[in-house]
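>>> Provide a 3D model corresponding to the input given below.
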Amino acid sequence: MKQVPLSEVKDDLSRYLRMAAKENIIITRHGVPAGMLIGFEDSEDWLEELLLNHPRFQARIEQARKSLRAGKGISIEALREKYSSKKTSPA
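Reported below is the predicted structural model:
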């Protein structure tokens, strides 16, 4: 992650957008982090970011975590084990 003063970002936003596609850019104001510039290499990255930050998606994730803590559901490890043992036989 790179830190850049706001004044530099304002002077050359296009350059920093290109850089943000490779690494997040922390924008500072008077030396204090004030925001983050997140770039996307393609539209799939953008859609993934939208999903991860969608309130309904976050609520579903929290609900699933609570269920697991309560002993309900199945862990990812158990799920992998269950489906890795069900290998299909060659035709």
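>>> what stretches of the chain score poorly on pLDDT?
86-91 (pLDDT under 70).
>>> domains for it, by residue range?
2-37, 54-84 (automatic domain parsing).
>>> Just send the ones you listed back as JSON lines, with mean neighbour count and distance to D45 too.
In this view, the C-beta of every residue, glycine as well, is placed from N, C-alpha and C. Converted to JSON lines, these look like this (neighbours: other CB atoms under 10 Å; distance: least, CB to CB, whole Å):
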{"stretch": "domain 2-37", "mean neighbour count": "13", "distance to D45": "8"}
{"stretch": "domain 54-84", "mean neighbour count": "10", "distance to D45": "15"}
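>>> so which of the ones you listed gets nearest S43?
domain 2-37 (12.4 Å; CB to CB).
>>> Quick check: which element contains the residue nearest to L52 when sequence neighbours are not counted?
Closest residue in space to L52, ignoring its immediate chain neighbours: Q58 at 8.0 Å, by CB to CB, 6 or more residues apart in numbering. Q58 is part of helix 55-69 when elements are defined by DSSP states H and E.
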